[in-house]
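>>> Have a look; sequence and predicted model below, questions after that.
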There are 4 protein chains.
Amino acid sequence: MNPKVQIRPLRFDDRDQWYELWREYLRFYRQRLPEEITEASFRRLAGDDQQLHGLVAESEGRLAGFVNYLFHPSSWSLTQVCYLEDLFVDPPMRGGGIGRALIKAVYDAADAAQATTVYWMTQEFNAAGRALYDTLARRTSFIRYER
Amino acid sequence: MNPKVQIRPLRFDDRDQWYELWREYLRFYRQRLPEEITEASFRRLAGDDQQLHGLVAESEGRLAGFVNYLFHPSSWSLTQVCYLEDLFVDPPMRGGGIGRALIKAVYDAADAAQATTVYWMTQEFNAAGRALYDTLARRTSFIRYER
Amino acid sequence: MNPKVQIRPLRFDDRDQWYELWREYLRFYRQRLPEEITEASFRRLAGDDQQLHGLVAESEGRLAGFVNYLFHPSSWSLTQVCYLEDLFVDPPMRGGGIGRALIKAVYDAADAAQATTVYWMTQEFNAAGRALYDTLARRTSFIRYER
Amino acid sequence: MNPKVQIRPLRFDDRDQWYELWREYLRFYRQRLPEEITEASFRRLAGDDQQLHGLVAESEGRLAGFVNYLFHPSSWSLTQVCYLEDLFVDPPMRGGGIGRALIKAVYDAADAAQATTVYWMTQEFNAAGRALYDTLARRTSFIRYER
């Protein structure tokens, strides 16, 4: 990764740039979220809410990507497991190792919290994402059902 | 479902029968868990731990199945989401609506908690499970990656 | 695994029992092979042919399963890679750890040969096989094309 | 295919251009290989090593793509089978039949060696590749597991 890229916790003063990336992320999934959810999530991710954690990649004063994760208990583990819920890299910044660095930063956070595993979900046809994930993690046989 | 089957919270005095079902469940996944994890999870599921929730199906004094679920926050929601983590029906008791009743009981619990969704994961080749899930939920395109 | 089960190289005097298992294996794949291929493969697997390797699981004087593997070069590796080509456990003997022991014996052979990896292929709908493989190996994103 | 494109064996004096393509190929898979592996593989593919075979597509003095293949024995065949291990076409040269010509050249080599089949593996989400492969080969139900 470009040495000028830095992974750090999301801050309140990232708001404008983070909103732009988040909206692009929602467009990728062709989703709309009520403004109040984005607002509440931003505040939880940037603040000291103990439940939602946000990291960003900053390159020369610009946000280039973000990752959100959380811990939850599991009947299979004495400690928490780590769910990487959102990951996004600004398209013009792709291919330079930022996605990998964001995932690795979550691995580090999970290690620090002694979480037994880190997992995430991706659409099976997300070729660009999976090309990266295949080098960092195990693709499992599990698929997601949703009420 | 057979009217004699009742869905109710797991209790400490279910321990012996629940352990039997849990062990069969682990065998299904060909997994071994240290005894201390099973013990800790049983206590959390049966007790008033606020994080792991356990329900069982009881039929004429015997446990016929169980389901475990938990709530966790999400950047996509103001309220929690519900993750149905474990589901098992004793093989001789299958085909009578017990799995469906257990899932629906989790739906009810999620509604009561105003959770925005209920989701779970299953191996793509779990034909018997998916035949049921397809009638109760949407199969999404999401697959699971794991560190 | 039952301690009475032993994993050992295929021998010429296993012929009758091996043939029976091999035929059942072919039936599983709904394949027919000319007798001369089976005959030639048996001789190569049981003999000191340096290219095809055969192991069997023996339980109380009966063959309970077999595994065949081979090494081949790769442009991605200085050493050979190990391809586990065939695996079969007699249906009445399943569920006792024999398949796992056969795969692990191939892992050991690959380690001894300093092969960089061990891989195999399975039909995506082979639920029984994959339930085992998911505990022993990584399911990759690769699918097979064939002329 | 453009009549100016010629498929021929890799030669030692292709080294610089082949290295460039190979590096781009590794980038596609987001893999890094120690330099010594690339160097050893190049020498085996370009030389008269009997185990790894390399072909290239040359267009007006430039390398436009490459394919690597090998033969290995099989318990299902009296003769060897052919494994097409690597295939790459320089992105600006795509869409002109070069990939197809490279695969067909491997088919010819397999026929000449009386190999019973030619097979390869691709990531299930490789849409561009599979669109081509579907016209040349059968997609099977086999997926790859890896230690």
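All right, it came through fine.

>>> which residues touch the residue of chain A found nearest chain C?
Per C-beta to the nearest C-beta, A:R138 is where chain A lies closest to chain C, at 4.8 Å. From N, CA and C alone the C-beta is placed, and that goes for glycine too. Each residue near A:R138 by C-beta atoms under 8 Å, 6 or more residues apart in numbering or on different chains is listed here: B:145-147, C:138-139.

>>> before we move on, which element is the nearest residue to A:L52 once chain neighbours are set aside in?
Ranked by C-beta to C-beta, 6 or more residues apart in numbering or on different chains and with sequence neighbours excluded, the top spatial neighbour of A:L52 is A:R44, at 4.4 Å. Element membership of A:R44 [criterion: DSSP states H and E] is helix A:35-46.

>>> now the angle between helix A:35-46 and whichever helix or strand comes after that helix, please.
Per DSSP H and E, the first helix or strand lying C-terminal to helix A:35-46 is strand A:53-59. Computed by axes from the mean of the first three to the mean of the last three C-alpha atoms, to 10 degrees, the angle separating strand A:53-59 from helix A:35-46 equals 80 degrees.

>>> Tell me the strands beside strand A:53-59, with direction?
With DSSP bridges as the test, strand A:53-59 is paired with strand A:5-9 (antiparallel), strand A:62-72 (antiparallel).

>>> Tell me which stretches of chain A form helices.
Assigned by DSSP state H, chain A shows helices spanning A:15-28, A:35-46, A:98-112, A:127-133.

>>> A:D108: how many residues sit nearby?
Using other C-beta atoms under 10 Å in any protein chain shown, A:D108 is surrounded by 12 other residues.

>>> wait, I meant A:E20
Neighbour tally, A:E20, other C-beta under 10 Å: 12.

>>> Quick one: residues contacting the nearest residue to it once chain neighbours are set aside.
By the measure of C-beta to C-beta, 6+ apart, the closest residue to A:E20 outside its immediate chain neighbours is A:L63, 8.0 Å from it. Contact analysis of A:L63 by C-beta under 8 Å, 6+ apart lists A:14, A:17-18, A:20-21, A:56-57, A:90.

>>> go on, A:I143?
Contacts of A:I143 (C-beta under 8 Å, 6+ apart): A:124, B:121-124, B:139-140, B:142-144.

>>> One more pass at 6 Å, please.
B:124, B:143 (C-beta atoms under 6 Å, 6 or more residues apart in numbering or on different chains).

>>> what pLDDT does A:Q31 get?
We have a pLDDT of 89 for A:Q31.

>>> any idea how far it lies from A:T38?
11 Å (C-beta to C-beta, to the nearest Å).

>>> Just the buried ones out of the contacts of A:L63, please.
Among the contacts of A:L63, the ones that count as buried by 16 or more other C-beta atoms under 10 Å in any protein chain shown are A:14, A:17-18, A:21, A:56-57, A:90.

>>> As CSV, those with pLDDT would be great.
Shown next, in CSV, are the buried ones among the contacts of A:L63 (pLDDT from 0 to 100):
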residue, pLDDT
A:D14, 97
A:Q17, 97
A:W18, 97
A:L21, 97
A:V56, 98
A:A57, 98
A:D90, 96
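
>>> Sketch out the low-pLDDT regions of chain A for me.
A:1-2 (pLDDT under 70).

>>> got a list of what the spatially most central residue of chain A touches?
Closest residue to the average C-alpha location of chain A: A:V67 at 2.2 Å, with C-alpha atoms, centre = their mean. Neighbour list for A:V67: A:55, A:87, A:102, A:106 [criterion: C-beta under 6 Å, 6+ apart].

>>> so how far is A:W120 from it?
9 Å.

>>> Can you tell me the closest non-neighbouring residue to A:G47?
A:F12 (7.4 Å).

>>> For the one you found, give its distance to chain B.
Remark: distance between A:F12 and chain B (C-beta to the nearest C-beta, to the nearest Å) = 16 Å.

>>> burial count for that residue?
A:F12: 10 neighbours (other C-beta under 10 Å).

>>> Quick one: neighbours of A:R147, just the number.
Neighbours of A:R147 (other C-beta under 10 Å): 18.

>>> Next up, the contacts around it.
B:117-118, B:137.

>>> returning to what we had before: is it true that the residue nearest to A:G47 touches A:A46?
Yes: counting by C-beta atoms under 6 Å, A:F12 does reach A:A46; the two are 5.0 Å apart.

>>> what's the burial count for A:Y145?
21.

>>> these two touch, right, it and B:Y133?
Yes: shown here, A:Y145 and B:Y133 form a contact pair, counting by C-beta under 6 Å, at 4.9 Å.

>>> Any idea which residue of chain A lies closest to chain D?
A:A127 (4.0 Å).

>>> how about A:G129, what does it touch?
A:T122.

>>> Could you rerun that using 10 Å?
A:28, A:87, A:89, A:99, A:120, A:122-123, B:145, D:125 (C-beta atoms under 10 Å, 6 or more residues apart in numbering or on different chains).

>>> Can you lay out the contacts of A:L63 as CSV showing distance to B:H72?
Output for the contacts of A:L63, formatted as CSV (distance: C-beta to C-beta, whole Å):
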residue, distance to B:H72
A:D14, 24
A:Q17, 27
A:W18, 22
A:E20, 27
A:L21, 23
A:V56, 22
A:A57, 25
A:D90, 28
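
>>> Could you measure from A:T79 over to chain B?
10 Å.

>>> Provide a list of residues in contact with that residue.
A:T79 touches A:71, A:73, A:110, A:113-117, B:37, counting by C-beta under 10 Å, 6+ apart.

>>> Would you tell me which one of the residues you listed comes nearest to B:L78?
A:F71 (19.3 Å; C-beta to C-beta).

>>> That closest one contacts A:A112, doesn't it?
No: judged on C-beta atoms under 10 Å, A:F71 makes no contact with A:A112 at a distance of 11.0 Å.

>>> okay, these two: which has more neighbours?
A:F71 (21 against 8).

>>> Who does the more buried one form a beta bridge with?
A:C82.

>>> For it, give me its contacts.
Going by C-beta under 10 Å, 6+ apart, the list of residues near A:F71 reads A:50-53, A:79-83, A:109-110, A:113, A:115, A:118, B:72-73.

>>> Run through the residues that contact the spatially closest residue to A:R94 that is not a sequence neighbour.
Leaving aside its chain neighbours, A:R94 sits nearest to A:A128 (7.5 Å; criterion: C-beta to C-beta, 6+ apart). Contact partners of A:A128, counting by C-beta under 10 Å, 6+ apart, are A:89, A:91, A:94-95, A:99, D:125.

>>> got CSV for these, with neighbour count too?
Output for those, formatted as CSV (neighbours: other C-beta atoms under 10 Å in any protein chain shown):
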residue, neighbour count
A:V89, 25
A:P91, 10
A:R94, 14
A:G95, 13
A:G99, 25
D:F125, 20
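
>>> Give me every residue in chain A lying close to chain D.
Residues of chain A lying near chain D by C-beta under 10 Å from any C-beta of the partner chain: A:95, A:97, A:99-100, A:122-136, A:138-139, A:141.

>>> Just the buried ones among the residues you listed, please.
A:97, A:99-100, A:122-124, A:126, A:129-134, A:138-139, A:141.

>>> Now A:S59. Nearest residue, chain neighbours left out?
Closest to A:S59 by C-beta to C-beta, 6+ apart is A:V5, at 4.6 Å.

>>> Also A:S75?
B:S41 (4.3 Å).

>>> which ones are touching the one you found?
B:S41 touches A:73-78, B:22, B:33, B:49, B:52, B:54, B:68, B:85-86, counting by C-beta under 10 Å, 6+ apart.

>>> Make CSV from those and add neighbour count to it.
Output for the contacts of B:S41, formatted as CSV (neighbours: other C-beta under 10 Å):
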residue, neighbour count
A:P73, 21
A:S74, 22
A:S75, 21
A:W76, 18
A:S77, 16
A:L78, 15
B:W22, 20
B:L33, 16
B:D49, 15
B:L52, 24
B:G54, 22
B:N68, 25
B:E85, 20
B:D86, 20
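
>>> Max pairwise distance over those residues: which two?
B:L33 and B:D49, at 17.7 Å, using C-beta to C-beta across the contacts of B:S41.
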